[in-house]
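Enquirer: build me a model from this:
(2 chains)
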Amino acid sequence: MPAMRLLVARLTATYDGRLSSTLTSAVRLLMVKADGCVAIHADVGAYKPLNWMNAPNHLDDQGDRWVVTNPKGEVLTIELEEVFEDVSYALDTERGLTLDGVEKELQALLADHPDHLEPGLRCVQREFRTDLGPVDLLCRDPQGGAVAVEIKRIGEIDGVEQLTRYLERMERDPLLTPVRGLFAATTIKPQARVLAESRGIGWVEIDLGLLRGEEELHPRLF
Amino acid sequence: MKLRADRAQFAEAIAWATRTVGTRVTLPALSGVLLEAVDGELICRATDLEVSATVTVPVQIDRPGKVLLPGRLLAQLVARFPDQPVEIDASSDRVEITCGRASFRVRAMSAEDFPTLATPADDAPTGTLKADAFARLVAQVARAASSDEGRPVLTGVHLDASEGTLTAAATDSYRLAVRSLAWEDAIDGSALVPARSLQEAAKAASEVGGTVQVVIEDGQVSFRFEGRVLTTKLIEGSFPNFRALLPDAHETSVVVNRAELVEALQRVSIVAMGQANTPVTLTFEDGQVDLQATNQETGDAAEALRAEVDGPGLSIAFNPTFLLAGLEATGTPSIRIELRDGLKPAVLRPQADEDEVTDDLTYLLMPMRVS
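Expert: All right, here's what the predicted structure looks like:
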C-alpha cells in the first residue's frame, strides 16, 4: 500500500534543472507523497514547498543522501544530516477538493445529480472552457442537445448576461450548436427570470437541502 | 499544394480529426488542421497538445505541399458539401476549396506555428486487438467513468496489460465497470487514459475495422488503425484499487431476461425520472422480481417479471440510469445479478450457458438508500 512519508530532518538540498538552487543546512519537513512527489517545506508559507519534484520521478534513497530525478533530467539532491522524525501513513483515496462556498458546492452536487436541473439531463463536463471563461456545466439532454448551465447562489441579471455571452461563443462551435442555456440558483430574482425568458434561457431554482440529502441517499463505492 | 479528394473520405477524416482533438484551444495554431499532400496521400493532423490525431486518405496530388486551415470551419464546410470530389488549391494564403459548383477561399494559418505531434516511438512494444472487440470493450466500460473534472483520475479508463490480457476499468465512485479481453499480440503495461480520447479511438475502430495497435509509453498511449493514429497524454495520479472493491461472495444470485428487465425498468423509470434521481426498488422473491418506483409528485409504478432467484429474497434500490447503463453494457440475452444485502454493492454480469463464450464483464453498482 503506497503511503505518505514525512521526515523532520536537518538537511541541505540542491536542485539542478532549468535553473540551479541550493538550500543551506536547516531543520525542515520533507514529504514524499504516495504518488512519488517529493517536497521540502519550511516553517513559513502556506502551501508552497521550498523545493519539490513532481511525479513521475525516481527516488534513489542512499540513506543519508536522496537523489530524485525526473524524465526531464532535473535532479534534486537532498543530504540528510540528522533525522528527528520519520513516519509513514497510508492516507485515504483522495476525493478531490471540496471547494468552499455555496456556488462551488452547488456546482459539484449538480454535476453529480443533473436531474435536479432537468429530468434526464446528463453532465458531460464541469468548468467547460469557452473563449470568455468557463461555463459551470456542459450537459446533454436526452435528445443529445447541448445545455450550458450557469450556477449562482443568488440568480441576478448579471448571471444571465454572463450565460448569454458564453452561449454566444458556444453557438459558434459546430460540435455543440445548437446550445440551450439553463440558469440555476438557490433563488432567482424576478428581473433575472424575465431577462432569461426573453432570451430563451431556461431557469431553475435549486433546493440545496434536497440536493445535499441526495448525497446521503446515494452512497458511494469508495 | 494542389489536390483532389473523395468528399466522403475527406469529410470523415476532417470530422474525426477535429472531433478527437476537441475544443480546448490554448494557441491559435491548435485550432487548425494541418493538411500535407505527399506520395499520393493527404495526411491530416490535429492536436490540442493533450490529444493528437493523424488521418491519412488517398488523394490525387497535382502539387505536393502543406497548409494549415481552421479546423472547425473546414469541418463545417466539408460536412455540407455536395457528393462530388473536393479540390484544394493552396497556391496563395487564400486557399481555394472547391466542391461541385461551390467554391470557398479560406485564409490559411501559419503552418510553422503548428507543433510537432506526439507519436509513438518506432521501437515501442505494440499490442494488437481486434478493432470490433476493442470498440465493444470501450463502449461497455467507459460509460462508468466520471465527467467530474474535479476528480481527474475518475474521468479516465484504467488499462492494465499483463499475462496476455487487457483489463479496462472505469468508475465514477457510484459504479465500476471492469472488462478483460485477450490480446491478439500481447504487451505489458498500464495507463490511465482520458475516457473521451478512448471513446474517439473506439469510434475510429468501429469506422475503420480490422485491428487496432496499442502502444503504451511513459506518459502517453497511442492507438493505431489503418490510416489513423490517435495519441493521448495519460491522466496523472493513482486510479483507485478497484480490485479491492469487487466482492468475493454473494448471498443471492438472480438470472433474468435482460431485454424484459430493460423494458420494465424504462417504463417504471418514467415515473421515477420526473423527480431527481428517484430510485427504483427491485424486490427479488421466489421466481420473480418486482420493480417499483414512487414519486411524490407524479405517482407510483410497479411491474413484475419472471426471474430465477437462488438464495434469500431481498429488496434493493438503484439509480435507474446507472442500472440501465449496466444492463446495456452486459449485452447477453440473460444477465446475472449477484447480491449480498440491500445496502451492499450489486454485481451485474453477462449470463451464458456453460458452452457459450461471453464477455468477461463485471459491473458493480452501489445501491441507493430508500427513506
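Enquirer: what residues are bridge-paired with B:Leu365?
Expert: When bridges are taken as DSSP bridges, the partners of B:Leu365 come out as B:Arg175, B:Ala346.
Enquirer: give me every residue that touches A:His187.
Expert: One thing to correct before we go on: residue A:187 is Thr, not His. Contact criterion Cβ atoms under 8 Å, 6 or more residues apart in numbering or on different chains gives A:154-155, A:205 as the residues in contact with A:Thr187. (Each C-beta comes from the backbone N, C-alpha and C, glycine too.)
Enquirer: mind checking how far whichever strand or helix holds it is from the chain centre?
Expert: Secondary structure from DSSP states H and E places A:Thr187 in strand A:179-188. Between the centre of strand A:179-188 and the centre of its chain there are 22 Å (Cα atoms, centre = their mean, to the nearest Å).
Enquirer: quick one: buried residues of it?
Expert: Applying a neighbour-count criterion of 16 or more other Cβ atoms under 10 Å in any protein chain shown, one finds A:179-186, A:188 buried in strand A:179-188.
Enquirer: what lines up beside it in the sheet?
Expert: Sheet pairing for strand A:179-188, assigned by DSSP bridges, gives strand A:146-155 (parallel), strand A:202-205 (parallel).
Enquirer: what stretches of chain B score poorly on pLDDT?
Expert: Low-confidence segments of chain B (pLDDT under 70): B:22-26, B:273-277, B:371.
Enquirer: please spell out which residues along the helix or strand of chain A with the lowest mean pLDDT are buried.
Expert: The helix or strand of chain A with the poorest confidence is helix A:208-217; it has a mean of 80 (mean pLDDT, DSSP states H and E). If you call a residue buried by 16+ other Cβ under 10 Å, then helix A:208-217 has these buried ones: A:211, A:214, A:217.
Enquirer: one more: stretch B:119-133?
Expert: Neighbour counts using 16+ other Cβ under 10 Å place B:120, B:125, B:127-131, B:133 of stretch B:119-133 among the buried residues.
Enquirer: does it come close to chain A?
Expert: No: residues of stretch B:119-133 are not located near chain A by Cβ under 8 Å from any Cβ of the partner chain, the shortest gap being 13.6 Å.
Enquirer: contacts for that stretch next, please.
Expert: With contacts defined as Cβ under 8 Å, 6+ apart, stretch B:119-133 is touched by B:52, B:54, B:161, B:166, B:181, B:183-189, B:205-206, B:208-217, B:220, B:222, B:224-225, B:229, B:231.
Enquirer: and the helices in the chain?
Expert: You didn't pick a chain, so chain A it is. A:102-112, A:157-170, A:190-198, A:208-217 (DSSP state H).
Enquirer: looking at chain B here, not the other one
Expert: B:7-21, B:71-79, B:131-141, B:195-208, B:258-273, B:320-330.
Enquirer: which residues sit in contact with B:Leu77?
Expert: So, once contact is read as Cβ under 8 Å, 6+ apart, B:Leu77 ends up touching B:97, B:104, B:106.
Enquirer: any idea how far the second one lies from chain A?
Expert: As defined by Cβ to the nearest Cβ, to the nearest Å, B:Phe104 lies at a distance of 15 Å from chain A.
Enquirer: grab the nearest non-local neighbour of that residue.
Expert: B:Ile97 (4.7 Å; Cβ to Cβ, 6 or more residues apart in numbering or on different chains).
Enquirer: what about B:Asp218, how many neighbours?
Expert: Residues within reach of B:Asp218, counting by other Cβ atoms under 10 Å in any protein chain shown, total 11.
Enquirer: right, and it touches A:His58 too?
Expert: No: counting by Cβ atoms under 8 Å, B:Asp218 sits too far from A:His58 to count as a contact (11.7 Å).
Enquirer: partners of the spatially closest residue to B:Gln60 that is not a sequence neighbour in the sheet?
Expert: Across the structure, with Cβ to Cβ, 6+ apart as the measure, the residue nearest B:Gln60 apart from its sequence neighbours is B:Arg4 (4.4 Å). Note on B:Arg4: beta-bridge partners B:Gln60, B:Glu87, judged by DSSP bridges.
Enquirer: how many residues are close by B:Arg4?
Expert: B:Arg4 has 16 neighbouring residues, counting by other Cβ under 10 Å.
Enquirer: surely B:Ala329 touches B:Leu361?
Expert: Yes: if you go by Cβ under 8 Å, B:Ala329 and B:Leu361 touch, sitting 6.4 Å apart.
Enquirer: can you check which residues contact both of those two?
Expert: Jointly contacting B:Ala329 and B:Leu361 under the rule Cβ under 8 Å, 6+ apart are B:140, B:177.
Enquirer: in chain A, what residue lies closest to chain B?
Expert: In chain A, the residue that lies nearest chain B is A:Asp115 (3.8 Å; Cβ to the nearest Cβ).
Enquirer: stretch B:233-252 near chain A anywhere?
Expert: Yes: where contact is defined by Cβ under 8 Å from any Cβ, part of stretch B:233-252 touches chain A, namely B:236-238, B:240-241, B:245.
Enquirer: those into TSV, with extra columns for distance to B:Leu343 and neighbour count?
Expert: Formatted as TSV, the entries for the residues of stretch B:233-252 next to chain A read as follows, by distance: Cβ to Cβ, whole Å; neighbours: other Cβ atoms under 10 Å in any protein chain shown:
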residue	distance to B:Leu343	neighbour count
B:Glu236	34	14
B:Gly237	29	14
B:Ser238	27	15
B:Pro240	20	18
B:Asn241	22	11
B:Leu245	15	17
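Enquirer: next one: the residue nearest to B:Gln60 from chain A, what distance?
Expert: Applying Cβ to the nearest Cβ to B:Arg4 and chain A gives a distance of 24 Å.
Enquirer: show the contacting residues for that residue.
Expert: Contacts of B:Arg4 (Cβ under 8 Å, 6+ apart): B:59-60, B:62, B:85-87.
Enquirer: now the residues you listed as a markdown table including neighbour count and distance to B:Ser197?
Expert: Compiled in a markdown table, those are given as follows (neighbours: other Cβ atoms under 10 Å in any protein chain shown; distance: Cβ to Cβ, whole Å):
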| residue | neighbour count | distance to B:Ser197 |
| --- | --- | --- |
| B:Val59 | 23 | 27 |
| B:Gln60 | 14 | 32 |
| B:Asp62 | 13 | 35 |
| B:Pro85 | 16 | 32 |
| B:Val86 | 24 | 28 |
| B:Glu87 | 18 | 33 |
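Enquirer: between these, which sits nearest chain A?
Expert: Nearest to chain A among the contacts of B:Arg4 is B:Val86, at 17.5 Å by Cβ to the nearest Cβ.
Enquirer: surely the closest one meets B:Gln9?
Expert: No: in this structure B:Val86 lies outside contact range of B:Gln9 using Cβ under 8 Å: 9.3 Å.
Enquirer: so what's A:Leu121 closest to, chain neighbours aside?
Expert: Closest residue to A:Leu121 in three dimensions, ignoring its sequence neighbours and counting by Cβ to Cβ, 6+ apart: A:Pro114, at 4.2 Å.
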